[in-house]
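Novice: predicted model and sequence below, questions to follow.
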Amino acid sequence: MSETVNLSNCDREPIHVPGSVQPHGLLLVVDPTALRVLHVAGPVERLLGVQNWHQALLSDLIGPDQVEKIAAAFQPRPGVRYVGQLQAASRLLDVSVYTSGGYLMVELEAAEAGATSAAGVLDRVEAAADGFDRAATVQGVCDRAAAAFRTLTGFDRVMIYRFGDDGAGRVVAESRDPTLHSYLNHHFPGSDVPQQARALYVRNQVRAIPDVDYVPAPLRPALSTDAPLDMSDSGLRSVSPIHIQYLRNMGVAASASVSIVQDGQLWGLVACHNMRPRLLPFASRAACRSLGGTLARRIRAIQEADAFKQRLRLRGFGDDLTRALSTDTKVDRGLGGFLPDLGRMLDADGVALLHGETFEAQGIHPSRGEIEALAAWLQSQKEAVFSTHYLEAVYPQAALFREQGAGLLALALPGDMPSTLIWFRAEQVEVIRWAGDPHKAVQLDPNAQLVPRTSFAAWQETVIGRSRGWSSPEIEAAGRLKEQLRELGLQRKLRELNKALTGTLQERENLLQQKDFLIGEVNHRVQNSLQLVSSFLAMQGRTSGSPEIQAALTEAQRRLNAVALVHRRLYSGDQVSTIDLGRYVEELCGEAIAAMGREWSQFLSLNLTPVPLSTDRAIILGLVLTELLINVNKYAYGGAPGPIEVNLTEGIGTCRLEISDHGGGKAALGPAKPGSGFGSRMIAGMVGQLGGQLAYEDNQPGLRATLTWPLVAK
């Protein structure tokens, strides 16, 4: 190890493969096939009262009933599973299992004497969760959580520890024995929780050390160092000697931690300390895990609600501003009159606007020369929205004006010449209390062994050169404002183009009116022709003595009605290129039911979403729907009326039409299977024209025909 301490040394410590456990329990490493014990760690002889455990059957050590429970525990899902309790030679033990490295891992640990019933534990967890729900702020829910976890665990001190963006943490809430000193609002350096430890906190969300003076119990016989046993999921895993010494340096005799995880990321920890050894049995750890998940979700809900409110406020500011600007002739020049509003929008101490040679500013800000030099540097960054709360870290010249502009948010504006809009936030000097000097977080002893820091005495540090940070909603609002300004500029150009095209559009409108008149006349004649043919078919059907011919003529008449209905819908409205498919299907079903017989009307159920569709595709769809309704009429109920359900829904770029019945299903079709008759072949051809798919499914009972097609023809 080099003479200079490298904090990544801690990050490389293999804490997930310690090769030993804490001796308040024992670990059995079992062959999952033969169910024989291959390795143990912990006082197996004392807890189970056996001496010859190597290669023994697992059932000989814990009983066949427990083995059956272990097998059953893995049926629902893998992972750490609680099996139950075992009355061993010395006392009652909790049994849990998981798998690692191809082994079955069985852990046994002392159960809590006189433990509260499961119902009692659940009641306490639910009461704490109700308290979380009543808290309106993150601070409020953290305060409640500290008290709730202290009640649940019985530890002397419970701290809610939140990680910052820089990896360091801060105690944001605390519940403690009054005789103990407080760590509330103290900061801890990021090196106190190395990266690989943070990964384990996400994976194994409850950890307990009942006694920091324990002697690790190694695996017997030892595994090869080339293939160490991964104990990441173990509740008994022996912890890093560095962490043990860290706790001793704090004067802690027992500890536990509960992870606060949001979207797979470690938001913080519930850190529990006790001044005397204290066991946290499996049941209590399970309750802590459940309550920790509830806490994480409540914090997330509050944060999302706060962000939503902030976004609404910012959107209102931005919309009001762009509405006011919409009457100006030049967007970038017009902004100068709204600098106070812009400052209030993002809670800035000052705002500056540079447009070519024009300079305007309001509030607390650097000098014009300093802003012009800064704007030139910002233009070189080529970022849509540039934000920082520590400007001099990336722009050293900012040290000269940190009191006026330690942080900024800037936009390069669209326009006919380079323009920059900058929000400034002044320096906010902050005195941070650390639990010990963070610059001595890790020390090196004379033997080059990594050791933790020994001092946790309050240590103050004054932080300069930084401003209040910019929130995600504020950065998003600035980006949205830039887009709105760009759109305003485009709208003005469009208005100018529209003005030039007014005469041409008027001529086009006259031509369209003439076209509508001609199309309406054509439609009138088409309607007359279709009506004439339909009447002729009806007359032929009445005079024909053949039932087959009458049925064929009736089906042909229905198909003509589908086409005629499309034409009526087209030319009764203002749009000639598209129709409302939902309304069209409703009218088409009504006419089809009327043709089938009025007794069918009471059985028709419609659930239709308004969907615009081109008229040429609507004609095809109407014919398909007519054919499917004819099939229901003919086959579903043996010619008798019965329930028909028609559902029309719109997806992302697709549409779905379902025609369902509760009749005899495919069996009722007899030889007329889907796809075998003329109507089915015609349907297949029309579905192909739509670019869609038609599927027949069992409706249990009955048959459901589902047609899906893209809204836009390919």
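Specialist: Arrived safely, thanks for sending. Residues are numbered from 1 along each chain as shown.

Novice: now for residue 265: which residues touch it?
Specialist: When the contact criterion is Cβ atoms under 8 Å, 6 or more residues apart in numbering, the partners of residue 265 are residue 202. C-beta: built from backbone N, CA, C; applies to glycine.

Novice: so which other helices or strands are in contact with the helix or strand that contains residue 503?
Specialist: Secondary-structure assignment from DSSP states H and E places residue 503 in helix 472-543. If you count contacts as 3 or more Cβ pairs under 8 Å, 6 or more residues apart in numbering; DSSP states H and E, helix 472-543 packs onto helix 282-325, helix 331-334, strand 385-388, strand 407-413, helix 547-572.

Novice: need those in JSON lines with mean pLDDT, can you?
Specialist: Shown next, in JSON lines, are the helices and strands packed on helix 472-543 (pLDDT from 0 to 100):
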{"stretch": "helix 282-325", "mean pLDDT": "88"}
{"stretch": "helix 331-334", "mean pLDDT": "54"}
{"stretch": "strand 385-388", "mean pLDDT": "91"}
{"stretch": "strand 407-413", "mean pLDDT": "90"}
{"stretch": "helix 547-572", "mean pLDDT": "68"}
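
Novice: my guess is residue 260 contacts residue 288. True?
Specialist: No - using Cβ atoms under 8 Å, residue 260 makes no contact with residue 288, being 11.4 Å away.

Novice: confidence score at the most centrally placed residue in the chain?
Specialist: The chain has residue 263 as the residue nearest its centroid, 7.3 Å off, counting by Cα atoms, centre = their mean. At residue 263, the model reports a pLDDT of 88.

Novice: and residue 6, by the same measure?
Specialist: 38.

Novice: with residue 519 instead?
Specialist: With respect to pLDDT, residue 519 has a value of 60.

Novice: quick one: residues contacting the spatially closest residue to residue 222 that is not a sequence neighbour.
Specialist: Setting aside the residues directly before and after it, residue 222 is nearest to residue 19 in space (Cβ to Cβ, 6 or more residues apart in numbering), at 6.8 Å. By Cβ under 8 Å, 6+ apart, the contact set of residue 19 is 218, 219, 222, 223, 228, 229, 238.

Novice: would you reformat those as TSV and include distance to residue 28 and neighbour count?
Specialist: Listed next are these as TSV, based on distance: Cβ to Cβ, whole Å; neighbours: other Cβ atoms under 10 Å:
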residue	distance to residue 28	neighbour count
218	14	17
219	11	20
222	15	13
223	14	17
228	17	16
229	12	22
238	16	22
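
Novice: out of these, which comes closest to residue 651?
Specialist: The closest of these to residue 651 turns out to be residue 229 (Cβ to Cβ; 49.6 Å).

Novice: next one: the residue nearest to residue 222 from residue 224, what distance?
Specialist: Counting by Cβ to Cβ, to the nearest Å, the separation of residue 19 from residue 224 is 11 Å.

Novice: what's the average pLDDT for the helix or strand hosting residue 593?
Specialist: In the assignment (DSSP H and E), residue 593 maps to helix 581-596. For helix 581-596, mean pLDDT rounds to 85.

Novice: beyond the helix or strand harbouring residue 246, next helix or strand please.
Specialist: Per DSSP H and E, residue 246 falls inside helix 241-249. Sequence order places strand 254-262 as the next helix or strand after helix 241-249, per DSSP H and E.

Novice: may I have the next helix or strand after that next one as PDB, with CA atoms only?
Specialist: Next in sequence after strand 254-262, counting helices and strands by DSSP H and E, comes strand 265-274. C-alpha atoms of strand 265-274 as PDB (Å, rounded to 0.1, in the frame of the first residue of the first chain):
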ATOM      1  CA  GLN A 265     -30.400   3.000  -5.300                       C
ATOM      2  CA  LEU A 266     -29.400   3.500  -1.700                       C
ATOM      3  CA  TRP A 267     -31.100   6.700  -0.400                       C
ATOM      4  CA  GLY A 268     -30.000   6.200   3.200                       C
ATOM      5  CA  LEU A 269     -29.800   4.000   6.200                       C
ATOM      6  CA  VAL A 270     -31.600   3.500   9.500                       C
ATOM      7  CA  ALA A 271     -28.600   3.100  11.700                       C
ATOM      8  CA  CYS A 272     -29.200   1.500  15.200                       C
ATOM      9  CA  HIS A 273     -26.600   1.600  18.000                       C
ATOM     10  CA  ASN A 274     -26.700   0.000  21.400                       C
END
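
Novice: taking helix 241-249 as reference, get the angle to strand 265-274.
Specialist: With axes from the mean of the first three to the mean of the last three Cα atoms, to 10 degrees defining the directions, strand 265-274 sits at 50 degrees from helix 241-249.

Novice: I'd like to know how far residue 350 sits from residue 471.
Specialist: Separation of residue 350 from residue 471 (Cβ to Cβ) stands at 18 Å.

Novice: more neighbours: which of those two?
Specialist: Between residue 350 and residue 471, residue 350 has the larger neighbour count (other Cβ atoms under 10 Å), namely 21 against 17.

Novice: need the contact list for residue 389.
Specialist: By Cβ under 8 Å, 6+ apart, the contact set of residue 389 is 406, 407, 425, 466, 467, 468, 469, 470.

Novice: quick one: pLDDT of it?
Specialist: 89.

Novice: okay, now the unreliable bits of the stretch 601-714 of the chain?
Specialist: Within the stretch 601-714 of the chain, the ranges that satisfy pLDDT under 70 run 669-679.

Novice: and the helices in it?
Specialist: For the stretch 601-714 of the chain, the helices defined by DSSP state H, counting those that start in this stretch cover 615-631, 678-690.

Novice: closest one to residue 92 among these?
Specialist: helix 615-631 (67.0 Å).

Novice: what about the nearest residue to residue 290 once chain neighbours are set aside, helix or strand, and which?
Specialist: Residue nearest to residue 290 in three dimensions, not counting chain neighbours: residue 125, with 5.6 Å by Cβ to Cβ, 6+ apart. With elements taken from DSSP H and E, the one containing residue 125 is helix 118-134.
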